[in-house]
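Visitor: Generate coordinates for the sequence data below:
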Amino acid sequence: MMFRFAVAALTLAAATPALATPCADEVSTLQRRLDSAGAAMVTGKTPPGGLTSSDSPKALDKPPALTKADAAVKPSAAGVEEAKKLVAKAGEQDKAGDAQGCRDTIMKAKEKAGALP
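Guide: Alright, predicted model coming up:
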């Protein structure tokens, strides 16, 4: 009887999808931003699979006007490409269980991406 219970528990655990981590959520959110129409405007490239929508009720119709002090957040094609590489790295870190490394890499990716339209 106990053996059957153990087998049933293992079967259920194997069939259950892995729980999403907070960093995995950030990875997928930033990936959607980097595959958005705003990122395509910055890079001039449509991402493989087409554009995605952030589906965010907080999304702006147009990007905010930047001042000279905002130069560090101005998006660039090179910054978006670098951010995509960092997001891929963060995803690998998350899968490996390195939550702090994932969060640090996502922060760097956000800085590189800048304020996307």
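
Visitor: Which helix in the chain has the most residues?
Guide: Ranked by number of residues, the top helix in the chain under DSSP state H is helix 77-95.

Visitor: What are the contacting residues of that one?
Guide: The contact list for helix 77-95, computed with C-beta atoms under 8 Å, 6 or more residues apart in numbering, reads 21, 23-24, 26-27, 30-31, 34, 39, 42-44, 101-102, 105-106, 108-110, 112-114, 116. Glycine gets a C-beta too; all of them are placed from N, C-alpha and C.

Visitor: Can you flag the buried ones in these?
Guide: Among those, those classed as buried by 16 or more other C-beta atoms under 10 Å are 23-24, 26-27, 30-31, 34, 39, 42-43, 101-102, 105-106, 109-110, 112-114, 116.

Visitor: what comes up buried for stretch 91-104?
Guide: Those would be 91, 93-94, 101-102, for stretch 91-104 by 16+ other C-beta under 10 Å.

Visitor: would you put the C-alpha positions of stretch 73-88 in PDB?
Guide: In PDB, the C-alpha atoms belonging to stretch 73-88 read as follows (Å, rounded to 0.1, in the frame of the first residue of the first chain):
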ATOM      1  CA  VAL A  73      17.500  55.700 -20.900                       C
ATOM      2  CA  LYS A  74      17.200  56.500 -24.600                       C
ATOM      3  CA  PRO A  75      16.800  53.200 -26.400                       C
ATOM      4  CA  SER A  76      19.200  52.100 -29.200                       C
ATOM      5  CA  ALA A  77      19.400  49.200 -31.500                       C
ATOM      6  CA  ALA A  78      22.600  48.000 -30.000                       C
ATOM      7  CA  GLY A  79      21.100  48.300 -26.500                       C
ATOM      8  CA  VAL A  80      18.000  46.300 -27.500                       C
ATOM      9  CA  GLU A  81      20.200  43.600 -29.000                       C
ATOM     10  CA  GLU A  82      22.400  43.500 -25.900                       C
ATOM     11  CA  ALA A  83      19.300  43.300 -23.700                       C
ATOM     12  CA  LYS A  84      18.000  40.300 -25.700                       C
ATOM     13  CA  LYS A  85      21.300  38.500 -25.000                       C
ATOM     14  CA  LEU A  86      21.100  39.300 -21.300                       C
ATOM     15  CA  VAL A  87      17.400  38.100 -21.200                       C
ATOM     16  CA  ALA A  88      18.500  34.800 -22.700                       C
END
